[in-house]
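S.K.: What follows is a predicted protein model with its sequence.
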Amino acid sequence: MMQPYIVEEFIDENKTVWKREPTVINKKIASDNAINTMRSLLEGVVQQGTASNIKDSIIPIAGKTGTALIAQDGGYRSEGKQYVASFAGYFPANNPLYSCIVVVHKPKQGLYYGSQIAAPVFHEIAKKIYATQLEIHSIENKETYYNILPFYAPAKLINNLQSKIKITTYPFYSNNGYAKLDSNKVNVLSPSYFYNQKNLPDFRGMLLHDALIILKNLNLKVEIVGAGRVYDQLPAPQYNVQNIEKVVLYLK
């Protein structure tokens, strides 16, 4: 909260002789309780309210939709109505870094609600920023997706292991490709399986060579950190490939 004032500066013969510096009375605009209540309400708009169509499990968003009827000729018409659709919000909702407002003046094609017109635009902006600004990916998000064992291992390694310890639970597979490790089954997938995926594959456990081939076929840039086998990645698996410009692979 800023201290209000009437006089901003004194000028004498085109020379400033005194100028008021902005004074902060209180850095917080409201109490913690009021802010937490407002955040909860704005998050609820996206989680189960008018903007639930942009609910995103990867990028938590909070905000408020808006729909306003435009006055025409000093009043409101019963026919030929025109609207302003808006959505104001911030993200990530659990650790706010960006705020944005999208306002669409006189939307066409019969749609005019803020949830229909402005909220999807806000969502696309959030996804673009989230995919390209890797530093905003929080540790909390990384733990959600990465704090588990790798999903993939070279099929050859699985075959050799089964052969040595004489396991016959699973049939032997071709050495070409990767074994997808689930809790109760093993499926072998060839590298070409990943080429036409709409969502970003999970590269954990893969050799760098194979991960690079897949990324090349997905037309994605890559940054490599470390050496060895892939153990971590950004953005998270299952993120829409169309919203990604670069993938960071962490190796060890």
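M.R.: The structure has been received and is ready for your questions.
S.K.: isn't Val7 right up against Lys19?
M.R.: No: counting by C-beta atoms under 8 Å, Val7 does not reach Lys19; the two are 9.7 Å apart. Heads up, the C-betas are built off the backbone N, CA and C, glycines and all.
S.K.: Return every residue with contacts to both of those two.
M.R.: With C-beta atoms under 8 Å, 6 or more residues apart in numbering applied, the contact sets of Val7 and Lys19 do not overlap.
S.K.: which secondary element of this protein has the worst mean pLDDT?
M.R.: helix 139-146 (a mean of 44; mean pLDDT, DSSP states H and E).
S.K.: in the stretch 101-250 of the chain, which spans are strands?
M.R.: Using DSSP state E, counting those that start in this stretch, the strands assigned to the stretch 101-250 of the chain run over residues 152-154, 178-181, 186-189, 221-226, 230-234, 246-251.
S.K.: Against which helices or strands is the fifth one packed?
M.R.: When contacts are defined as 3 or more C-beta pairs under 8 Å, 6 or more residues apart in numbering; DSSP states H and E, strand 230-234 sits against helix 139-146, strand 246-251.
S.K.: hmm, 10 Å instead?
M.R.: helix 139-146, helix 208-217, strand 221-226, strand 246-251 (3 or more C-beta pairs under 10 Å, 6 or more residues apart in numbering; DSSP states H and E).
S.K.: ok so, going back, going by mean pLDDT, which of the strands of the stretch 101-250 of the chain comes out lowest?
M.R.: Lowest mean pLDDT within the strands of the stretch 101-250 of the chain: strand 186-189, at a mean of 55.
S.K.: mind checking pLDDT for Leu111?
M.R.: Confidence for Leu111, expressed as pLDDT, is 90.
S.K.: what about Thr16, neighbour count?
M.R.: 9 (other C-beta atoms under 10 Å).
S.K.: Could you look up the SS state of it?
M.R.: Recorded secondary structure, Thr16: strand (DSSP: H, G, I helix; E, B strand; the rest coil).
S.K.: ok, it - contacts?
M.R.: If you count contacts by C-beta atoms under 10 Å, 6 or more residues apart in numbering, Thr16 has them with Glu9, Phe10.
S.K.: for it, which residues make a bridge with it?
M.R.: Ile11 (DSSP bridges).
S.K.: That one and Glu9: what is the separation?
M.R.: Thr16 is 6 Å from Glu9, where distance means C-beta to C-beta, to the nearest Å.
S.K.: Same check on Pro22?
M.R.: Pro22 is 12 Å from Glu9, by C-beta to C-beta.
S.K.: Gln3 too?
M.R.: 15 Å.
S.K.: same question, Val121
M.R.: 40 Å.
S.K.: Which residue of the two possesses the greater neighbour count?
M.R.: Val121 (16 against 9).
S.K.: thought the more buried one was touching Ala88?
M.R.: No: Val121 lies out of contact with Ala88 (C-beta atoms under 10 Å); the separation is 11.9 Å.
S.K.: so what sits against both of the two?
M.R.: Counting by C-beta under 10 Å, 6+ apart, the residues touching both Val121 and Ala88 are Cys100, Val102, Val103.
S.K.: Show me what the second one is bridged to.
M.R.: It refers to Val102. Here Val102 shows beta-bridge partners Phe87, assigned using DSSP bridges.
S.K.: What residues does it make contact with?
M.R.: Val102 neighbours (C-beta under 10 Å, 6+ apart): 63, 66, 85-89, 114, 117-125.
S.K.: The spatially closest residue to Pro92 that is not a sequence neighbour and Gln233: what is the separation?
M.R.: Take Pro92 and drop its neighbours on the chain: the residue closest to it by C-beta to C-beta, 6 or more residues apart in numbering is Pro60, 5.1 Å away. According to C-beta to C-beta, Pro60 stands 20 Å off from Gln233.
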